[in-house]
Every structure is written in structure tokens, then in C-alpha cells.
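# sequence first, then the predicted structure, then my questions.
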Amino acid sequence: MKNQILLSRRGLLKSGGALIVGFTLGLPARNAAQQASAPAGRAGAASSQDVDSFIAIKADGSVMLLTSHVDVGTGIAAAYCQIAAEELGIPIERFTITEGDTAVTPDHGATGGSSGIPRGGVDIRFAAATARQALLELGAKQLNRPASELTVAGGEVRPASGGQGVTIASLIGGKRFSLKVNTKAPLRDPATYTVVGKPVLRTEVPGKCTGKHVYLHDFTLPAMLHGRVIRPPSFGAKLLSVDDSSVRGIPDVRVVRIENFLGVVAKDEWAAIRASREIKAAWNESQGLPGNDGFDRFLRTAPAEPDLSVVNRGNAAVALPSTVKELSATYYWPFQSHASMGPSCSVADYKEAGVTTIWSSTQNAFGQRATLSRVFGIPQDKLRVIYLDGSGSYGTNGANDADADALLLSRGVGAPVRVQWSRQDELGWDPKGPAQLLDMRGGVDASGNIMAWDVQMWLPSGPGGDRALLGPDSAGMAQSHGQGAGLMTLNADTPYSAPNVRVIAHNLKDTPLRLSNLRAPGKIANVFAAEGFADEMAAAAGMDAVAFRRRGLTDPRAIAVLERAAQMIGWQARPSPSPAVAQGNVLIGRGIAYMRYKQAENYVACAMEVAVDRRNGHIAVRRVTCAHDCGLIINPDGLRNQVEGNIMQTLSRTLHEEVTFDRSKVTSVDWVSYPILRFPDAPAIEVALINHPDQPPYGAGEAAAAPVPAALANAIFDATGVRLRTVPFRADQLRTALSKA
Amino acid sequence: MATYKFRVNGGPVTVDSWDPEQPLLYILRNSLGLHGAKFGCGLGQCGACTVLLDGKAVRSCLTPVKQVVGRAVTTLEGLGTPEKPDVVQAAFIAEQASQCGYCTNGMIMTAKALLAQTPHPTLEQVKTGMAGNLCRCGTHTRILDAVMRVAKA
């Protein structure tokens, strides 16, 4: 295959420039894919303490970065190259990057929670800064001058005052640094940055636009077979019998059955698909789900863990009755799917003796190796997980489950097996972002100050620990059944000054649908409630929504994003709803929302203008503005792409998306029953990036998503006087509300 | 096994298929090693598998190989290369109109057919023309910018 390379820890430095694959356009290349020819899996071979684990400078002066963080379409690979190029003083076009290979990359954390830059990028920054100091020392010996008089620039160590330098290739090329990462190594002064903060094009985009980029879905091995898993017709259904003769007419099909796990394997992919559709199996069905109708009521009554106090300052319960205007409202967010465009895929090559290899689009290669090791009883040093780009995942989609499917089938037939899920399986069986219910109570004083803020939230939950994998569950293999879905309880407290604030979480003991982290977990629903409710307070106080928020903020960075987003949308100060009369049947309004992500990271304000057709309730989002402050900006173009994507995806989640389920299964299993936003509904988006080069960098993969639903709800309220508190905002729901208004 | 002859990206191909109903998508990806077209749904709902058949955008996941005999298929690989992208591909690269990129094939192939029919569409025409192609990363504005870059050229 094109652009496939052989990679081993030992061979990293020997491979010269040959690792630079394809189309570089003068920019850092990402490795397309890696073959499984490394020496036996070497658990922990690359320590995250060692400079050499992160950086390999080859004989030709090219540089390979290695990281456990992966670029699932976010552009983080380009940002990592910028960070390292800046600290090292080596031109960025000499960089390649290898991601998430348990045999060769250091384990410095999984991808998720917007940690790629603040944790992953900072690790790379210090490794590069340590390497830079070593290069200066090596150069000092070679040039016979003190290191303090030298600098690294253009891939050379040279006198800062000018004059003859020496190339890094001649100093260290093909050799190891053999140094621990020094987290106190001097860093470049941000005022002198030449690469960080500049827009850099992502090197994989030309390949993605021409069919040359190798996705996991495109990866093949010699003698690889195609597998498909037949998922049960209902959750927990038992497999009673299988009629093998039902697929006898399809060429070269083998049936793999392990207790309730049923799969088919064939040489030809289409044969595997046909067999998976046509195989006759009898199941003992199950009806264990509550169904999604009235699920908000279910949330209130289902058994819960003891109350969790998330925030408690002042005394909200006592203060509430003494406020001038007391308000209460209930907000609901449904279960949602990651809804990846490409159904999850995996290639597994099980080896009874030797190293078993899994090519995976997991966001956590090392964690996945540990899980598979435990569940399958394969020692970690006999198991290698190699990340390859998949479809965008936005959290834990079906990828980890697909790995287990492929491994079960490969072990079952003794050959490498590729599995790709169906559309129905991806939407039906990916672990879901949890439903959330929030009861908001609060009160303002006569001047419109928030005096009390009291939140109770309910969400399906369950034990922590490893998430159970679908295939092994069906196959009766022992495993833990964790239901972690991320930091679900943050951002329900108001960001505005309030003397009495209480947030209580009721975590349910169980969940009807499997859970996982889905982009900005918890925070989207919590900010929807918090910023919708703040808007309700502003309206009750007869105040302009921006002025109401502005008065409750003291942090200048918070005020800056709020005012910028408002200014960009052309905000006219006045209370909501809008006094303007309808233009024909169209009602126009604008809304705003602000939050600081996790109350500790990015400052984001989002404003939008909507037009609502009162005849049918259709919501047209016309314009969105966003002011975004994530501290130091690494790659403004990559950042902008993430902010735009966050906004568009969250508009989709707010307007369209809800996982539906009956008593036995998920029923939203294709793009008709689980619709997402389409081009005619895509608004213009204007983004203002506020750079603080002197501040630490925060991640940007999630934050801009959080204020979107509230900004939309607030704009709809401004346009119509109708307050939407249940997602999705379907047109029929709004039309009904408008007819009552 | 039956044999099927047609043209792909300008050249003749002969492929075998045990099933005349086998969708073109799997022939392209597995028999011909052309991975541009992606499996997204198998239902004709998302557009990730779009190719041109005699110049018209079709869903290769729903196009049986038997229907392709004697006809001309163009895939994403047939438009251009990373070094020499065609005008639509170049516009997508310039706008960085791709995040995960799984939908990108369908976006470019649909835009290609749209622009062949209507060389200078309005933004609204592009939005309508691309309404059947789904993107999950939310790259919509950049995809529209890329198509409009060509439309205005």
C-alpha cells in the first residue's frame, strides 16, 4: 500500500528521511499508517519521561514527533509540530508525527476532554525545550563557544550574533539524546514566536481531498478477511439457535458463534455483508428498557446515588424566598449519539504465539490495550494497538467495540479480520451521551442582581471503571461495566456574581443505554440550562441580556468575549422579547450566551440571529458570532476550524438530535430517524479569536460547543416570546407553542 | 463468476463479481483499490460514497455493478492528486475544508457534478445542491466557501 511504513522503536532513527510520506507541501507530514512488523510489543518501552520518547532527530536532520494523543480530524498534529518546531528552532517542514502506537509512542495520556494542547502539547513543548538545551550544549563544544552565546534556528546551532553554525543533523542526527524531560527547561519567549500563533495548513488535507489519505477503513493486510457482527435484536437478547445453512449460498462464509456473540467472516466484504443480513438466527428477546417517552419523569424517580453536592456557597435555599423575583424552570437534554459519518472499523490480527495487533481508531491506544489485555487475557507485551485515522469520533464512539469484534473474529478464524459496522449498528450501539434533566430555581433583587441560584440535576450514571465492550459481553467474557461519561456536572452554576449558589447532582445508579463521553460532556446541557435561565432572569428583571450578564462579571477576559460577540452580531440593547412586529410570517430575534469552560478554562461567548416562521415553527439560524479566548493560540486556522465545527455540530444537536428507544432497542438507527443538520440550515459563522500569548494554552475541541444551545434558545425567545427548554428544538414543538402564545 | 467491463477514471477495467447486485462501492474499494469513496450508510442517505457515473453524481453504495457495465465511472482519485489537484480539490485544500475528512469524497464529487451542471451557482443553489451530503464535524461553512471559490472563479 502507498504511504505505509514499517516502524519500530529501534528503527526510528535509522530510517533517514524515508518516513516523510507523500504530499508534504512544505509542511509536516503525518504518518499514514504503520505496519505490524515492529519487534515484539514492548509495553512501556517509550517512557513519557524521556526526550527520546517524544523526539527523534534523524541523520538527514528531519524530526519525528511521537505522541499518544491522536488527531481525529482536529488538526492537533499540526499544532504539535508547531510547538516543537518553535522550541527546537527547526523548520516545521522537516517534521513528521506518529500517533497512538503502543509499541513506539510514549503514553502521555488519551485524547479527550480538550487535553490535547494543555497536556499533550505542553509535554511536547518541554521535551523540545529540553532537547534544545542539549543541542546548545553540543553546539557549544563543536563551535568552541559558550552555549549562552548560541541559538538554534533554521535547523542549526549558531552564534546568536551571526556567523558559522553547525547543523543539528551533524550534532545529534541518528543518535539519542538520552535525557529526561526537564519541566523547568527554559522556554522560548512568546514575544519571539515565529511558528506558534501562525496559521499552518494541515498536511493530511490534500490526501483527504484526493483519496490518498489512508484511513483505518482503507487499511488492508495480506490474507485479511472481512467480518461482520450480528448484534442482537434487543439489548440483552439471548441467542437460541443459528441456521448455518441460511448463508450456504454465499461464497466462503464462516460463522463464528460464542455464546450470544454471532459473527460471519468471508473473503469478500460484500459476501460478509450479505451473510450478516441473511443469516437466520433465533433470539430470546428482552424488554428491559424504559423507553424514551417520558424519560424525564423516569429520571426523577429511578434509584439514585446519595446527593452529590457540586457547588455550595452562601445559602441558596434560605435566600430564595427573600428575593424580589423568584423563578423556576426545568431543562431537558436527551440521549445523543456520536453519530460518526463512518461506522466504526477495526482490523485485528490475532496471534496465538507472538504479538497480536489491532489497528484501531480509538482515542486511547494505551487504555484500549490495557482493556483488551484484561478482557482477552492477552499479556500487554503481546498486544499492540496502532491508531489509524477513522471518522471523527467526538468521544468514545463504536471504535473500541469494533476492536473487540475484530479480535473475537480473528481469534475465531485464525486470520486477520477487518470489521466495519453498519450504519444501524453505529447509531444503535455506540455508547451514548447521557440524557440530563435540570431543575433551576433562582431569584433576582430589585436591581436585577442574582441573589440565589439553586440547581438540581438528574442524569443516568453507573459505576466508574472500564466500559464494557459489546462483543465480549455477548460472548460471556468477564469484564467491568463502567459507565463514565466525562465531567458531567460542571458549568451548572452561574458564571455571574451571586452570593448564594447550590448545585446538587442526582446520579442514577443505572442507565438504560450504555454511556460514554460525547463532546463537551455534561457542559452543553448545563450551560443550556444555566444560560437559558440567566436569560429568563434578565427578561423577568426587564433588562437587556448583555447588560444583565455584564453587570455580573468582573474578569476582564470574560467581559471581553461577551462584548465582542455582541458587537459582532450588531447587538441593540433592549429587553427581550423583541418588540418588533413580524416581517410577514417571519419573526426575527437575537440571543447571546457566555460561559467559561469548566469554570476554569476557555472564555467563550456566542451570539446568534434567528428567523422563526410562525406558520410552521421552522427555525432558521441566520448568523452566528463567537468570541473565543483559549489563552495562547498555537494554530489560528486549526483553532478556527474547531470553533466553527463545535458551533455547527452543536446547532445540529440542539435542533435535531435525540436517540429514541423502545422497551428493547434503540430505534433511531439511520439518518432519517436520527437526522443531523444539513447545508440549507448551515448559518454563516463569524469567529473572533482573542490571543493571549503570555497565558497558558487551553484546548479548543469542546468549549465553543457549550454556549450554542442557550444562545439559540435565547434568540428564539427574543423572536417569539416562547422559551424552549427541551432539546431538540423541533419545528412542530415550536409551532405548537406559538399557537398557544 | 461473472465478469463486468466498464471504465474507471478514463481507463477500461474488467472485474469479477459473484453477485450482480454487489454495489459498485465494494468493487471500487476492494477490487480496484480505490478508497476515495467511503462507506457511510449503505442507504443512500449520507453521500460519503458518491462517484460520478457518466458525469452524474450517484451513490455507489446503492449502484449494483451490473448497472455500470459499459459506462464511465469517475472517482475522487480520477480528479487529481495531492501534487496536481483538480480545481475543486484545490479549493477544498485552500479552504482547509476538511476535518476528519470522511465525508470529503462525497462533498467534492457532488460539488463536481453540481458545478458541471451550473458553473456559477449562488450560495443558496450550492446549499440546495449539497443538501443530501452529510458532514458531522460541522465543516459546512468551509465546504461552502470552497465550492463558492470555484463558482466565482
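The structure has been received and is ready for your questions.
# and residue 104, how many neighbours?
All of this refers to chain A. Applying the criterion other Cβ atoms under 10 Å in any protein chain shown, we find 24 residues in the vicinity of residue A:104. C-beta: built from backbone N, CA, C; applies to glycine.
# you answered for a different chain; I wanted chain B.
Number of residues near residue B:104 (other Cβ under 10 Å) recorded here: 32.
# you'd agree residue A:364 is up against residue A:110?
Yes - in this structure, residue A:364 sits in contact with residue A:110. The criterion is Cβ atoms under 8 Å, and the distance is 3.5 Å.
# what do those two both touch?
Both residue A:364 and residue A:110 lack any common contact, where contact means Cβ atoms under 8 Å, 6 or more residues apart in numbering or on different chains.
# on contacts alone, who are the packing partners of the lengthiest helix in chain B?
When chain B is parsed with DSSP state H, its longest helix is helix B:104-117. Contact analysis of helix B:104-117 by 3 or more Cβ pairs under 8 Å, 6 or more residues apart in numbering or on different chains; DSSP states H and E lists strand B:50-53, strand B:56-59, helix B:76-79, helix B:87-94, helix B:123-129, helix B:140-151 as its packing neighbours.
# please identify the deepest-packed of the ones you listed.
The highest mean neighbour count among those belongs to strand B:50-53 (a mean of 26), with neighbours defined as mean count of other Cβ atoms under 10 Å in any protein chain shown.
# quick check: buried residues in the helix or strand hosting residue A:591?
Residue A:591 is part of strand A:586-596, with elements assigned from DSSP states H and E. For strand A:586-596, the neighbour count (16 or more other Cβ atoms under 10 Å in any protein chain shown) marks A:587, A:588, A:589, A:590, A:591, A:592, A:593, A:594, A:595, A:596 as buried.
# nearest residue to the most centrally placed residue in chain A other than its sequence neighbours?
Compute the mean C-alpha point of chain A, and by Cα atoms, centre = their mean the closest residue is residue A:394, 3.3 Å away. Distances taken as Cβ to Cβ, 6 or more residues apart in numbering or on different chains put residue A:519 closest to residue A:394, at 4.2 Å, once the chain neighbours are dropped.
# quick check, the one you found in contact with residue A:703.
No - with contact defined as Cβ under 8 Å, residue A:519 does not reach residue A:703; the gap is 10.3 Å.
# now for the two: what residues contact both?
Counting by Cβ under 8 Å, 6+ apart, the residues touching both residue A:519 and residue A:703 are residue A:646.
# and which of the buried residues of strand A:586-596 is nearest chain B?
The shortest gap between chain B and any of those belongs to residue A:593, at 17.6 Å (Cβ to the nearest Cβ).
# and the pLDDT at that closest one?
Looking at residue A:593, its pLDDT stands at 98.
# what is the neighbour count of the residue of the stretch 151-300 of chain A found nearest chain B?
With Cβ to the nearest Cβ as the measure, the residue in the stretch 151-300 of chain A that lies nearest chain B is residue A:211; the distance is 2.8 Å. Using other Cβ under 10 Å, residue A:211 has 26 other residues around it.
# wait, it touches residue B:76, no?
Yes - between residue A:211 and residue B:76 there is a contact under Cβ under 8 Å: 4.1 Å.
# still on that earlier bit, for the longest helix of chain B, what does the pLDDT average out to?
pLDDT averaged over helix B:104-117 equals 98, rounded to a whole number.
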